[in-house]
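Chemist: Got a predicted model here, sequence first, then my questions.
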Amino acid sequence: MDINNSVALVTGANRGLGRAFAQRLLERGARKVYATARRPETVDLPGVEVLALDVTDPASMRAAAQAAPDVTLLVNNAGIGTGTDLVTGSLDAVRLELETNMLGPLTMIRELAPALARNGGGAIVNVLSAMSWFGTPGGRAYHLSKGAAWAMTNSVRLELAEQGTLVTAVHLGLADTDMAAGLPVDKISPVDLADAAFDGVEAGSAEVLADQWSRDVKSRLTLTPEEFDAAMGRALATLMAG
């Protein structure tokens with residue numbers, strides 16, 4: 001599909017990656033951009049149509065979908081990281097990450113799939129992570145949620161193929177946003193990430209590996225678990241050492 005003349009809905013569009021997605025959609029010629037956020041008053045991008053949306057609230061997601069019957073592109077960007085491990089961390093925090101990072105995007109897909117079908121099929125972008133494939137201390141719940149979201153993405157891609165809806169998984173290491181502000185490592189700019197995602201959609205790609213870090217991690221998945229863990233330990237040590 002073409003981004004030009006599309007009608008897009010972006011979750012978590014008030015800052016960071018979501019704001020960049022909405023901005024680049026406008027700049028690439030989208031006919032309408034629904035910019036959503038839990039606090040809609042925080043969306044400050046001119047030219048968008050603002051909607052309230054909480055991706056942990058089924059009623060809120062249903063209302064947003066009903067307000068966007070003309071959508072042809074869904075960008076599932078909203079997410080959360082609580083810094084929680086699985087065995088010793090708060091189970092409520094683990095549930096919140098799963099609810100936000102996997103069940104929220106799945107619910108948005110379920111709510112908007114009929115509209116996408118009516119409007120010619122369209123496309124869905126799920127913003128995932130290189131941490132779909134590995135975890136770090138304090139990031140095990142995030143890894144779980146993004147790994148589950150990756151599996152969900154691969155499944156809904158098959159389920160929606162018959163109605164002509166493209167489902168694109170976008171993986172990245174770190175983006176230059178507030179969430180990663182304190183980390184002294186290379187980061188992809190939000191605008192570059194948005195362009196990589198939309199170039200992938202226009203090319204009909206099922207997966208976009210947006211930076212070298214995500215490409216390197218994906219290439220290690222053929223290793224044994226022991227080999228993978230050792231390789232990732234070395235890579236993370238090198239990354240943090242600068």
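Modeler: Good, I have the coordinates. Predicted model, so just to flag it, every value in this text is computed and none were measured.
Chemist: Please count neighbours and contacts with C-alpha atoms only from this point.
Modeler: Will do.
Chemist: remind me which residues of the protein are low pLDDT?
Modeler: The chain contains residues with pLDDT under 70 at 176-185, 242.
Chemist: all helices of it, in order?
Modeler: Here the chain has its helices, by DSSP state H, at 16-27, 58-66, 91-98, 104-118, 140-160, 190-202, 212-219, 225-241.
Chemist: looking at these, which is buried most?
Modeler: Greatest average neighbour count among these goes to helix 16-27 (a mean of 23), per mean count of other CA atoms under 10 Å.
Chemist: Pull the residues that contact it.
Modeler: 3, 8, 10-13, 32-33, 35, 45, 47-48, 77-78, 175, 177-178, 190-191, 193-195 (CA atoms under 8 Å, 6 or more residues apart in numbering).
Chemist: Tell me which residues touch Asp85, please.
Modeler: With CA under 8 Å, 6+ apart, Asp85 has these contacts: 94, 137-141.
Chemist: ok, 6 Å please
Modeler: By CA atoms under 6 Å, 6 or more residues apart in numbering, Asp85 lies in contact with 138, 140-141.
Chemist: ok, the spatially closest residue to Leu112 that is not a sequence neighbour to Asn154 distance?
Modeler: Excluding the flanking residues, the one nearest Leu112 by CA to CA, 6 or more residues apart in numbering is Ala65, at 5.9 Å. Note on Ala65: its distance to Asn154, by CA to CA, to the nearest Å, is 22 Å.
Chemist: Only C-alpha atoms, please: export stretch 49-64 in CSV.
Modeler: Taking Å, rounded to 0.1, in the frame of the first residue of the first chain, the C-alpha atoms of stretch 49-64 are listed here in CSV:
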residue,chain,number,x,y,z
GLU,A,49,-7.1,14.4,14.4
VAL,A,50,-6.8,13.7,18.1
LEU,A,51,-8.5,10.8,19.9
ALA,A,52,-8.4,9.5,23.4
LEU,A,53,-7.1,6.0,23.7
ASP,A,54,-6.0,3.8,26.6
VAL,A,55,-4.6,0.5,25.2
THR,A,56,-5.3,-1.2,28.6
ASP,A,57,-9.0,-0.3,28.4
PRO,A,58,-11.2,-2.4,26.0
ALA,A,59,-14.0,0.2,26.1
SER,A,60,-11.5,3.0,25.2
MET,A,61,-10.1,0.9,22.3
ARG,A,62,-13.6,0.2,21.0
ALA,A,63,-14.6,3.8,21.1
ALA,A,64,-11.4,4.9,19.2
